[in-house]
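K.L.:
only geometry, no sequence info:
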């Protein structure tokens, strides 16, 4: 596939479910360089003049097309900051698949900081999938610090799936969104940390238009001595509705901090936060163990279902 080595192919499969050259528009970045690109009649991808990222232009009324922009780092010591801007016309319906995987078998830290900015046109519907993955047996860390900015015009819809369930030593994610009238933002975050990993997820959503809505849901598991922080703020600046939820499992000596923040700046802003953090219930384990599973197998089955 595109002349990539086996490690790069493995990572692409993990972060973007790519096993062959994908259909539609794509841009593959490997070890800070361009490894492959394709454009279509409706979707154009252009490198920024300073080489720090790409601009993706999606024509109005584009429907049923996909864009893949995964990043692979397989060399120890690579550190980069990349800016990707999406300009999405009115009345579109497209899927964007991003994500980054780091395989570090060396002694130096490898780090990718991706800043993605989305300008979503009126009545457009976007599904955005971003997966993070780490592998490699080196002493160097695998660090991912994504920033996502979303600016939505009237009646736009954006569904975001954020997943990080293996191998990332440190991550600090920040998502900022501003919604106009009738716009809808749906975010589902799935996160698992283990060992001494740390993960911070921050969300700042501004509901600026009448009838705008946001639903930010995080499901996470913290194992061993890992630590997580979920910091979600929704500001209701118009008649709107917003919901945040942190649903988490702690195991071993894991730690999870949930920081809800709701700002009602309009009398008709309806905002809700829910949080549930705790260990796996003993009766769940007992039920599965009566079916012949060991305690470890029962725990893993519960976790798999929880994060699915």
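P.N.:
Everything's here; your move. Bear in mind the structure is a predicted one, so any value in this text is a computation, not a measurement. Numbering: from 1, shown residues only.

K.L.:
By mean pLDDT, flag the weakest helix or strand of this protein.
P.N.:
Least confident helix or strand, the chain: helix 282-289 with a mean of 81, by mean pLDDT, DSSP states H and E.

K.L.:
avg pLDDT for the following helix or strand past it?
P.N.:
As assigned by DSSP states H and E, the chain's next helix or strand after helix 282-289 is helix 295-307. pLDDT averaged over helix 295-307 equals 87, rounded to a whole number.

K.L.:
Please name every helix or strand in contact with helix 295-307.
P.N.:
Judged by 3 or more C-beta pairs under 8 Å, 6 or more residues apart in numbering; DSSP states H and E, helix 295-307 is in contact with strand 184-193, strand 213-222, helix 282-289. Bear in mind the C-beta positions are built from the backbone N, C-alpha and C, glycine included.

K.L.:
now that helix and strand 184-193, what's the angle there?
P.N.:
Helix 295-307 and strand 184-193 are oriented at 160 degrees to each other (axes from the mean of the first three to the mean of the last three C-alpha atoms, to 10 degrees).

K.L.:
Now residue 186: closest residue in space, sequence neighbours ignored.
P.N.:
Distances taken as C-beta to C-beta, 6 or more residues apart in numbering put residue 159 closest to residue 186, at 4.7 Å, once the chain neighbours are dropped.

K.L.:
starting at the chain centroid, how far to the helix or strand encompassing that neighbour?
P.N.:
Here residue 159 is covered by strand 157-164, with elements defined by DSSP H and E. In this view, strand 157-164 has its centroid 6 Å away from the chain centroid, taken as C-alpha atoms, centre = their mean, to the nearest Å.

K.L.:
neighbouring contacts of that strand?
P.N.:
Residues from elsewhere that reach strand 157-164, judged by C-beta atoms under 8 Å, 6 or more residues apart in numbering: 118, 120, 124-133, 144, 148, 150, 152, 171, 173, 175, 177, 183-192, 199, 201.

K.L.:
The residue nearest to residue 186 and residue 42, how far apart?
P.N.:
20 Å (C-beta to C-beta, to the nearest Å).

K.L.:
What are the contacting residues of the least confident helix or strand of the chain?
P.N.:
For helix 282-289, using C-beta under 8 Å, 6+ apart, the contacting residues are 295, 297, 298, 299, 301, 302.

K.L.:
ok, back up a step: which one of the helices and strands packed on helix 295-307 lies nearest to residue 21?
P.N.:
For residue 21, the closest of those is strand 184-193, at 27.4 Å, according to C-beta to C-beta.

K.L.:
Packing partners of that closest one?
P.N.:
strand 157-164, strand 170-179, strand 198-207, strand 213-222, strand 227-236, helix 295-307.

K.L.:
again, only using 6 Å
P.N.:
Counting contacts by 3 or more C-beta pairs under 6 Å, 6 or more residues apart in numbering; DSSP states H and E, strand 184-193 is packed against strand 157-164, strand 213-222.

K.L.:
quick one, phi/psi of the nearest residue to residue 80 once chain neighbours are set aside?
P.N.:
In this structure, residue 80 finds its nearest non-sequential neighbour in residue 32, 5.1 Å apart by C-beta to C-beta, 6+ apart. Reported as degrees, to the nearest 10, the phi and psi values for residue 32 are phi 70, psi 10.

K.L.:
my guess is residue 32 meets residue 79, correct?
P.N.:
No. With contact defined as C-beta atoms under 6 Å, residue 32 does not reach residue 79; the gap is 8.9 Å.

K.L.:
Count the residues that sit near residue 265.
P.N.:
By the criterion of other C-beta atoms under 10 Å, residue 265 has 13 neighbours.

K.L.:
so where's the stretch 101-250 of the chain uncertain?
P.N.:
Scanning the stretch 101-250 of the chain for pLDDT under 70 picks out nothing.

K.L.:
give me that answer again for 90
P.N.:
Flagging of the stretch 101-250 of the chain using pLDDT under 90 yields the residue ranges 165-166.

K.L.:
What distance do you get for residue 265 to residue 237?
P.N.:
Distance from residue 265 to residue 237, counting by C-beta to C-beta: 5 Å.

K.L.:
which of the residues in stretch 140-158 are buried?
P.N.:
Of all the residues in stretch 140-158, those buried under the rule 16 or more other C-beta atoms under 10 Å are 140-150, 152-158.

K.L.:
Among these, which lie within helices?
P.N.:
Judged by DSSP state H, helices contain none of the buried residues of stretch 140-158.
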